[in-house]
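Undergrad: below are the sequence and a predicted model for it; my questions follow.
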Protein chains: 2
Amino acid sequence: MKHGGDIYSDGILKGKTLIDFSSNINPLGVPKSFSEHIEEAVSMLTVYPDIKYRALKSNIKEYLDKSYSYFGQNERKFGFNDKNILLGNGASEILDLAIKSLKSITVVVPSFVEYEDNARKHGLTLKYSYLKENFNYDYEDILEKVKTTEGLIIGNPNNPNGCKIDKEKFKDILDYCEENKKIILIDEAFVEFTLDINNSFMDLINDYNCLFIVRAITKFYGLPGVRFGFGITKNEKIIDYFNLMQNPWNVNCFAEVAVKYSLKDIEYIKQSISWIRVQREMMLNELKNIKFIDKVYNTYGNYILIKLRDINCNELYEKLKEQEIIIRKCDNYKGLDNKFIRVAIKDEYLNLKLIDALKSIKM
Amino acid sequence: MKHGGDIYSDGILKGKTLIDFSSNINPLGVPKSFSEHIEEAVSMLTVYPDIKYRALKSNIKEYLDKSYSYFGQNERKFGFNDKNILLGNGASEILDLAIKSLKSITVVVPSFVEYEDNARKHGLTLKYSYLKENFNYDYEDILEKVKTTEGLIIGNPNNPNGCKIDKEKFKDILDYCEENKKIILIDEAFVEFTLDINNSFMDLINDYNCLFIVRAITKFYGLPGVRFGFGITKNEKIIDYFNLMQNPWNVNCFAEVAVKYSLKDIEYIKQSISWIRVQREMMLNELKNIKFIDKVYNTYGNYILIKLRDINCNELYEKLKEQEIIIRKCDNYKGLDNKFIRVAIKDEYLNLKLIDALKSIKM
């Protein structure tokens, strides 16, 4: 399973519930504001969605402006047009198409396995820029690599380790790409978890034509099942490419309603902020005390990369599965090996359950 | 609007309800069996779908076997494997990918505008086989054209007119394509409306490697908003192509639940059969009595192609819009012109409303 623990084969399809620490989803669950309005989506089932998704795009634009105030900053007025908002059946579709529009790409690794897979299946020339040994970005190397490719893809924060981009240090790369008509794809699927919304590059979209930002409601809004992600860009070439290549009606009516309500659910956002602030700190501290854990890497996401000692990821995976816990083995990430695992940050009860399970393992 | 009446620009976004005769959706609405289980889908929102969609595929296979008995025939045992079932975010995705897998294609026209658009955007060489003057398939011409292309796409029943394939007459084309390793894409999005399930080519999938059948829950099960379609084939080349090209998790959890319940909702199926049987007959008869209607073409679908006299489709569209009724202008269909419109078959109340509106038009 290239995407981590398979809760279906070992769990759901056998009628067993596994605790899935391999999947990085907000444990607060479905925003009530959405589930309370599910009938609104049911009433939309019998008509085709608006082929231009005008109401949906308007809700996204409102979110992008207001999210700054939700996260403690001043509200913004980006003034995006409908055409700057590209809609996807999950962020997967956005990433796939954006990558497909390029002939060559630099991928910062280790990172989401789909970046490389998409590049490979569409025949792009691939260059890798590896994170440094401390699992931070190697900005000089990224700049060198991007000089030889048409585009760059980088996670902010990066998955599986959780480092975030230092905007100061990234400026040379941005300026170089803008000047040389390169494309920078920034995957911000987890950016809300960093808690500082200024970590997002959204505020630079109006200045940098080279920027393409990918967002989703999958992670922070706890909705992987509904399938919705979006891209933001001022780059006409990519906009035209999406308009040509995308199938009509690619977003379902439940995703439309999820966006309408979840993205302005201030209560949900506040609770999520409180939760991640406390639990991330707790987990980072507790994991360091496990004897077969060599290193716990700092993270701005809702997941933690861990380096093991005296045990490999496959052995640990099996031992935890006996306790009905699934973790993410990281041996299929470029630049990592079987000494690495990733765990999600869940609610306090489950986090402590994981810590207890880890402590109980005899070696 | 290349896809017909835009109920959003003139209606929904202005707070107005238009009666949409441009969209061919079962008027019985959302199957209750699905809406009653909507909470099951809500509970699936916080986990990624099974990347292999095992339960979903099993439900589709069950439907394909049992649908024969639902429509008055003996149940079948096709014995399809999971890999023979290809899943799409709407039939649009299935059609787009299947067409993209080819280098050249014969399109039977007039037909769904997306066939040609997909072929053009992926750079296929396009050949057209026009329906005959009576709007039936020209089997000899199809055979000649398909000799010069890698594949064929044909609607069964065909949209916008509603003719269905005569399997006897089609046999030469099938045999030729099988022998010469061509691909036949049969769009059966409306096949349930023909009421005779033997009109489907599903029973030939096990014998003909060249066959690829496209189905959806959009039309007969009244669910365009949920976005779900599927393809059935034994053709390994296309199966491999889909496996390589498709994005993971392309089907949302509401579509999974819709399939689980709607496709075995015998009550819904029975009511739909009664409705279409009566209303199709009524509409075909009534429309013939409208003075500015030149011809009403026989149909096996839930839509009727109409040739006008002394008025063109744009004029009629505007006159009906004044009465808050939207029809499908057919002037952007290859082989048709502004003398043609298409209307959906809706429930009795709305059908009579359309007939009255047509009768009221002064010329």
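TA: Received, thanks.

Undergrad: in chain A, which spans are helices?
TA: Listed from the start of the chain, chain A has helices (DSSP state H) covering A:32-35, A:38-42, A:54-70, A:91-100, A:113-121, A:139-146, A:167-179, A:236-245, A:253-262, A:266-288, A:313-322, A:348-360.

Undergrad: just the angle between the last one and helix A:266-288, please?
TA: Between helix A:348-360 and helix A:266-288, the angle comes out at 10 degrees (axes from the mean of the first three to the mean of the last three CA atoms, to 10 degrees).

Undergrad: burial measure for the residue of the stretch 51-200 of chain A found nearest chain B, as a count.
TA: Nearest to chain B, among the residues of the stretch 51-200 of chain A, is A:Ser92, at 4.2 Å (CB to the nearest CB). For the C-beta atoms, the positions are set from N, CA and C on the backbone; glycine is no exception. As a burial measure, A:Ser92 scores 22 neighbours (other CB atoms under 10 Å in any protein chain shown).

Undergrad: phi first, then psi, for the residue nearest to it when sequence neighbours are not counted.
TA: Excluding its sequence neighbours, the residue lying closest to A:Ser92 (CB to CB, 6 or more residues apart in numbering or on different chains) is B:Asn247, at 4.2 Å. Main-chain torsions, B:Asn247, degrees, to the nearest 10: phi -80, psi 150.

Undergrad: which residues of the stretch 51-200 of chain A lie near chain B?
TA: A:51-52, A:54-55, A:89-90, A:92-93, A:96, A:114, A:121 (CB under 8 Å from any CB of the partner chain).

Undergrad: farthest pair in the residues you listed?
TA: Greatest spacing in those, by CB to CB: A:Ala55 and A:Lys121 (33.4 Å).

Undergrad: quick check, pLDDT for A:Ile7.
TA: Note on A:Ile7: pLDDT of 78.

Undergrad: determine the number of other residues adjacent to it.
TA: By the criterion of other CB under 10 Å, A:Ile7 has 21 neighbours.

Undergrad: check contacts around it.
TA: A:18, A:20, A:22-23, A:326, B:47 (CB atoms under 8 Å, 6 or more residues apart in numbering or on different chains).

Undergrad: same list, those, but as JSON lines with pLDDT, neighbour count and distance to B:Glu133 please.
TA: JSON lines is the format used below for the contacts of A:Ile7 (pLDDT from 0 to 100; neighbours: other CB atoms under 10 Å in any protein chain shown; distance: CB to CB, whole Å):
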{"residue": "A:Leu18", "pLDDT": "89", "neighbour count": "20", "distance to B:Glu133": "63"}
{"residue": "A:Asp20", "pLDDT": "94", "neighbour count": "24", "distance to B:Glu133": "61"}
{"residue": "A:Ser22", "pLDDT": "95", "neighbour count": "24", "distance to B:Glu133": "61"}
{"residue": "A:Ser23", "pLDDT": "93", "neighbour count": "19", "distance to B:Glu133": "58"}
{"residue": "A:Ile326", "pLDDT": "95", "neighbour count": "22", "distance to B:Glu133": "63"}
{"residue": "B:Val47", "pLDDT": "94", "neighbour count": "18", "distance to B:Glu133": "55"}
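
Undergrad: can I get the residues you listed in TSV with distance to A:Asn338?
TA: Output for the contacts of A:Ile7, formatted as TSV (distance: CB to CB, whole Å):
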residue	distance to A:Asn338
A:Leu18	21
A:Asp20	20
A:Ser22	15
A:Ser23	20
A:Ile326	17
B:Val47	26
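
Undergrad: that older thread, pretty sure the residue of the stretch 51-200 of chain A closest to chain B contacts B:Gln246?
TA: No: in this structure A:Ser92 lies outside contact range of B:Gln246 using CB atoms under 8 Å: 9.6 Å.

Undergrad: about what we covered before: in a markdown table: the helices of chain A, plus mean pLDDT.
TA: Output for the helices of chain A, formatted as a markdown table (pLDDT from 0 to 100):
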| stretch | mean pLDDT |
| --- | --- |
| helix A:32-35 | 98 |
| helix A:38-42 | 98 |
| helix A:54-70 | 98 |
| helix A:91-100 | 98 |
| helix A:113-121 | 97 |
| helix A:139-146 | 98 |
| helix A:167-179 | 98 |
| helix A:236-245 | 98 |
| helix A:253-262 | 98 |
| helix A:266-288 | 98 |
| helix A:313-322 | 96 |
| helix A:348-360 | 97 |
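
Undergrad: ok, A:Asn156 - contacts?
TA: Residues in contact with A:Asn156, defined by CB under 8 Å, 6+ apart, are A:164-165, A:186-188, A:191, A:199-201.

Undergrad: 6 Å instead?
TA: Contacts for A:Asn156 (CB atoms under 6 Å, 6 or more residues apart in numbering or on different chains) come out as A:164-165, A:186, A:188.

Undergrad: next: A:Asn118.
TA: A:Asn118 makes contact with A:96, A:99, according to CB under 6 Å, 6+ apart.

Undergrad: and what of the one 4 residues further on?
TA: By CB under 6 Å, 6+ apart, A:His122 lies in contact with A:Lys100.

Undergrad: please tell me the pLDDT value assigned to it.
TA: Looking at A:His122, its pLDDT reads 97.

Undergrad: try the one 10 residues further on
TA: Here the pLDDT value assigned to A:Lys132 is 97.
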